[in-house]
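Trainee: got a sequence here, can you model it:
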Amino acid sequence: MFGVQELHTYYGDSHILHGVSLALPQGRAVGLLGRNGMGKTTLIRTLMGYVPARRGQVFADGRDVSGAAPERMARLGIGYVPEGRGVFPNLSVKENLLMSARAGLDGRRNWSYERVLETFPRLKERLSNGGHQLSGGEQQMVAIGRALMTNPRLLILDEATEGLAPL
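Mentor: Numbers count the residues shown, from 1 in each chain. Prediction:
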């Protein structure tokens, strides 16, 4: 489904990713673990098109999509929850969720607004609150819910549990 092969990514002269290869098979959960500064976020940002790779390829459905813009990666069915959440502070919880709502590539809407609220019941109580009025955990729930509302084929979470309390 998705993967990277022999990725080399730099920030300036600093060589961050040294020939990373990874396959993300359909229907599987994959965790990328490591200490701070090991390149996990850089790998995700390279896969998503936010940081260019100097060498190597990014693949989607067997096609080379290296260097594709982030919006193209989203159109290919990748939902992304960035480190830091990216919740819009001046939009309500409801607006943050609904702004990303769309059918999946197969035309289905497996993740509806109602299903996201069932998954994160705390958000039901906060629908009219602005993003800036939420706790870190609530912001993380909004960010995950917003990504799910795109009905992605692949969901990538950077620092997935940051700020979350157990459900």
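Trainee: domain parsing for the protein?
Mentor: Under the assignment automatic domain parsing, the domains of the chain span 2-76, 93-157.
Trainee: which of these sits most buried?
Mentor: The highest average neighbour count among those, using mean count of other Cβ atoms under 10 Å, belongs to domain 93-157 at a mean of 17. (Glycine included, C-beta is placed from N, CA and C.)
Trainee: contact partners for Ser135?
Mentor: Listed by Cβ atoms under 8 Å, 6 or more residues apart in numbering, the contact partners of Ser135 are Gly163.
Trainee: so what's the residue nearest to the spatial centre of the chain up against?
Mentor: Central residue of the chain (Cα atoms, centre = their mean): Tyr80, 1.4 Å from the mean position. For Tyr80, the contact set (Cβ under 8 Å, 6+ apart) comprises 44, 48, 70, 73-74, 147, 155-156, 158.
Trainee: which single one of these is nearest to Glu114?
Mentor: Comparing the contacts of Tyr80 against Glu114 with Cβ to Cβ places Ala147 closest, at 16.6 Å.
Trainee: work out for me the element that closest one sits within.
Mentor: helix 136-148 (DSSP states H and E).
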